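[1] Quick one: sequence plus predicted model below, questions after.
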Amino acid sequence: MRFEPIYQYRPWGGRRLEELLSAPLPAGLVGEAWLLSDREDHQSRVADGALRGQTIAELRTRWPTQLLGSLAARFPRFPLLLKFLDARQVLSVQVHPSDRQAAEVGPGECGKTEAWVVLEASPDSFIYAGLKSGTTADDLRRAVAGTTVGDCLASFTPHVGDGVLLPAGTVHALGSGTVVFEVQQNSDLTYRLFDWDRADPATGQRRELQVDRALACTDFAAGPVVPVVPVGEDLLHCEQFGVQRWSGQTRVRVGAEDTARVVVCLSGAGRLEYDNRVFPLRMGDVLLVPAVVGACEFQPDPTAILLEVSLPEVSTP
C-alpha cells in the first residue's frame, strides 16, 4: 500500500524534498514529509488502488491482524513514524523521552528513539549527536543560558549513506545542508533545549523551549554518537525497529510472515512482485507491505537502493 506524504512547514526547512517526492510540495518552507503516520492529527491516507483515501487507522481498525500480524494485539496504533527531513538550516537542539518518561506524560504515550539515514550532505554539513564526555546537567544549563550550547555537543561530518541511531535521551540536532530519511517510534514528544535564538519566519516569534524537561530526559552518561557500522545489509537495529539496505541488481526477498514491513526506494527504481502482480517502485516511493502479504520479491534496476524497515521485536508500553 502506497500512502500520500503529509508535508510539514518548519522554519528550518527548504525545498529539496520536491526532488525526492513526486507529490507537489505546498508553497513555502517544507522541513518534513511524513511518509507513514498513524497520529490522530496526521493520518496517512492510501494514495491509490481500491483502498484509496482510507486512513491507516481505518485499515488498522478494520483489518488489525491482516495489517500487523501477531503485533496487532500489542500496539494500539502503527508503532513507527517515517519521514524525510530537509534541513536547510540547523534544527533546534532537542531531546526525546524514554518509554518510562513518556508514560508519565499520559496514557498511550511512548518514548522516541529514532534513527537517520543520510541522503544528502554538503562538505560543510554537520550533525550534533550526544554530549561531549564529562558534560554535566549544570554545564548544559549554563551553556543554554549563555547561548554556548554548541560547546557541549559532540558532532561529526555526515556522509551520504550514513546510518545514525539516536536512543531516547540523546541530545541532538540535524545540521544544515542535510536531507535524511528518519524512522522513529510513533511519538511526537520533543523537548527543545535551544533554538539558536532565531525567530520563526511564519510568526516572527521565537519558538518555545522546554529546558527543564529536556534536561530531565537527557542521558548524561551516554556520550557522543557516531555513525553505525553496517553488518552486511543490516544498517540499523534496536529493540524498537530495524533497517536493512539493499542495493545492486540482485533480486531480493523483502517482507516477512506474520508482520508488516515498510520499503523505501531511495534511488533508482524496481518492482515489487506478489501473487502474480507487479508494483512499480521509483525514487521516493514508500510502500507498506502488510502482514497478510508476507514475503515478496523485489527486482531492482542497477541503480536502485531500497530500505526495508522492520517493526519492533519487543513490546513498547
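    Done, it's in. Computed from a predicted structure; not experimentally measured.
[2] only C-alpha atoms for contact and neighbour calcs from this point on.
    Fine.
[3] who's in contact with stretch 220-230?
    129-133, 135-137, 154-156, 162-166, 170, 235-236 (CA atoms under 8 Å, 6 or more residues apart in numbering).
[4] Would you mind measuring the gap between the ends of it?
    End-to-end distance for stretch 220-230, by CA to CA, to the nearest Å: 26 Å.
[5] In it, which residues are buried?
    Across stretch 220-230, burial judged by 16 or more other CA atoms under 10 Å covers F220, G223, P224, V225, V226, P227.
[6] Check stretch 280-295 too.
    Buried residues in stretch 280-295, counting neighbours by 16+ other CA under 10 Å, are found at 281-295.
[7] SS state for the closest residue to K132 other than its chain neighbours?
    Of all residues not flanking K132 in the chain, A154 sits nearest, at 5.0 Å (CA to CA, 6 or more residues apart in numbering). At A154 the chain is in strand, as set by DSSP: H, G, I helix; E, B strand; the rest coil.
[8] what about A154, how many residues close to it?
    A154 has 19 neighbours, counted by other CA atoms under 10 Å.
[9] Would you mind confirming that it makes contact with A129?
    Yes - using CA atoms under 8 Å, A154 is in contact with A129, at 5.7 Å.
[10] for the stretch 1-150 of the chain, what spans make up the helices?
    If DSSP state H, counting those that start in this stretch is used as the criterion, the helices of the stretch 1-150 of the chain fall at 56-62, 64-68, 99-103, 137-145.
[11] ok, and the closest non-adjacent residue to E120?
    Computed as CA to CA, 6+ apart, the closest residue to E120 that is not its neighbour in sequence is V179, at 4.9 Å.
[12] Check what contacts the helix or strand in which that neighbour is found and list those residues.
    Element membership of V179, judged by DSSP states H and E, is strand 178-185. Residues from elsewhere that reach strand 178-185 (CA under 8 Å, 6+ apart): 16, 79-88, 110-122, 125, 240-241.
[13] Sheet-wise, list the partners of that strand with their directions.
    Using DSSP bridges, the strands paired with strand 178-185 are strand 80-87 (antiparallel), strand 114-121 (antiparallel).
[14] Alpha carbons only: can I get it in PDB?
    Provided in PDB are the C-alpha atoms of strand 178-185 (Å, rounded to 0.1, in the frame of the first residue of the first chain):
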ATOM      1  CA  THR A 178      21.400  17.600   5.100                       C
ATOM      2  CA  VAL A 179      18.500  15.600   3.900                       C
ATOM      3  CA  VAL A 180      17.700  12.400   5.800                       C
ATOM      4  CA  PHE A 181      15.300   9.500   6.000                       C
ATOM      5  CA  GLU A 182      14.000   9.200   9.600                       C
ATOM      6  CA  VAL A 183      12.400   6.200  11.300                       C
ATOM      7  CA  GLN A 184      11.200   6.700  14.900                       C
ATOM      8  CA  GLN A 185       8.800   5.400  17.500                       C
END
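[15] Buried residues, it. List them.
    Judged by neighbour count (16+ other CA under 10 Å), strand 178-185 contains these buried residues: T178, V179, V180, F181, E182, V183, Q184, Q185.
[16] so the fifth one bridges to which residues?
    With beta bridges defined as DSSP bridges, E182 has these partners: K83, W116.
[17] Need the pLDDT of it.
    Turning to E182, the model gives it a pLDDT of 98.
[18] what's the answer for the first one, then?
    pLDDT for T178: 97.
[19] What's the local residue count around G130?
    Close neighbours of G130, defined as other CA under 10 Å, add up to 27.
[20] how much space between the closest residue to it other than its chain neighbours and I56?
    The shortest distance from G130 to any non-neighbouring residue, by CA to CA, 6+ apart, is to P224 (4.3 Å). In this view, P224 and I56 are 36 Å apart by CA to CA.
[21] With V180 instead?
    Using CA to CA, we find V180 at a distance of 24 Å from I56.
[22] JSON lines for the buried residues of stretch 220-230, including distance to W246?
    Below are those laid out as JSON lines (distance: CA to CA, whole Å):
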{"residue": "F220", "distance to W246": "35"}
{"residue": "G223", "distance to W246": "31"}
{"residue": "P224", "distance to W246": "28"}
{"residue": "V225", "distance to W246": "24"}
{"residue": "V226", "distance to W246": "22"}
{"residue": "P227", "distance to W246": "18"}
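[23] Cool, thanks, signing off.
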